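A.B. asks: 3D, please:
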Amino acid sequence: DTEILRQTCVVYISIFAVLFILFLLLRPRHPSVYNIKRTYPKLHTPVADDSFGFISWMWKVFAIDYDDLSEQCGMDAATTIRSLELGVKLSLVGVFNSAFLAP
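C.D. replies: Prediction:
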């Protein structure tokens, strides 16, 4: 049982790590794909002007004011960010709760 769980974690964590590193490498090289509102003048917004570093974008995304985000990027972007924040909080609760359940 524990061997299956360990192998499953190794497979999924390694797939996540490879895809995340690939994303981090491709994001600066292809800004038209990952930052459309900065690339095309018709869609340009001041929020899209901020070009964040290699990993610092993760914290900056959650620091943007919801009013600015919904005004400049749309309500769907604000709702997505709020959903992601809720997911992060729920997963942290799960991680802390698993410490009590671990043998």
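A.B. asks: Please identify which helix or strand holds the residue nearest the centre of the chain.
C.D. replies: Geometric centre of the chain, nearest residue: residue 58, 6.0 Å, by Cα atoms, centre = their mean. Element membership for residue 58 (DSSP states H and E) is helix 57-61.
A.B. asks: need the next SSE after that helix, C-terminal direction.
C.D. replies: Tracing the chain past helix 57-61, the next element assigned as helix or strand by DSSP H and E is helix 66-73.
A.B. asks: Extract the C-alpha trace of that next one and format it as PDB.
C.D. replies: Presented in PDB, the C-alpha positions along helix 66-73 are these (Å, rounded to 0.1, in the frame of the first residue of the first chain):
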ATOM      1  CA  TYR A  66      -9.500  42.900  -7.300                       C
ATOM      2  CA  ASP A  67     -11.100  46.100  -8.400                       C
ATOM      3  CA  ASP A  68      -8.200  46.900 -10.700                       C
ATOM      4  CA  LEU A  69      -8.200  43.400 -12.000                       C
ATOM      5  CA  SER A  70     -11.900  43.200 -12.700                       C
ATOM      6  CA  GLU A  71     -11.900  46.700 -14.300                       C
ATOM      7  CA  GLN A  72      -8.900  46.100 -16.600                       C
ATOM      8  CA  CYS A  73      -8.900  42.300 -17.200                       C
END
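A.B. asks: Packing partners of that helix?
C.D. replies: The elements that helix 66-73 packs onto, with contact taken as 3 or more Cβ pairs under 8 Å, 6 or more residues apart in numbering; DSSP states H and E, are helix 75-101. Where you see a C-beta, it was placed from the backbone N, CA and C, and this is true even at glycine.
A.B. asks: Report the mean confidence score over the helix it packs on.
C.D. replies: Throughout helix 75-101, pLDDT has a mean value of 87.
A.B. asks: and it, what does it pack onto?
C.D. replies: Counting by 3+ Cβ pairs under 8 Å, 6+ apart, helix 75-101 packs on helix 66-73.
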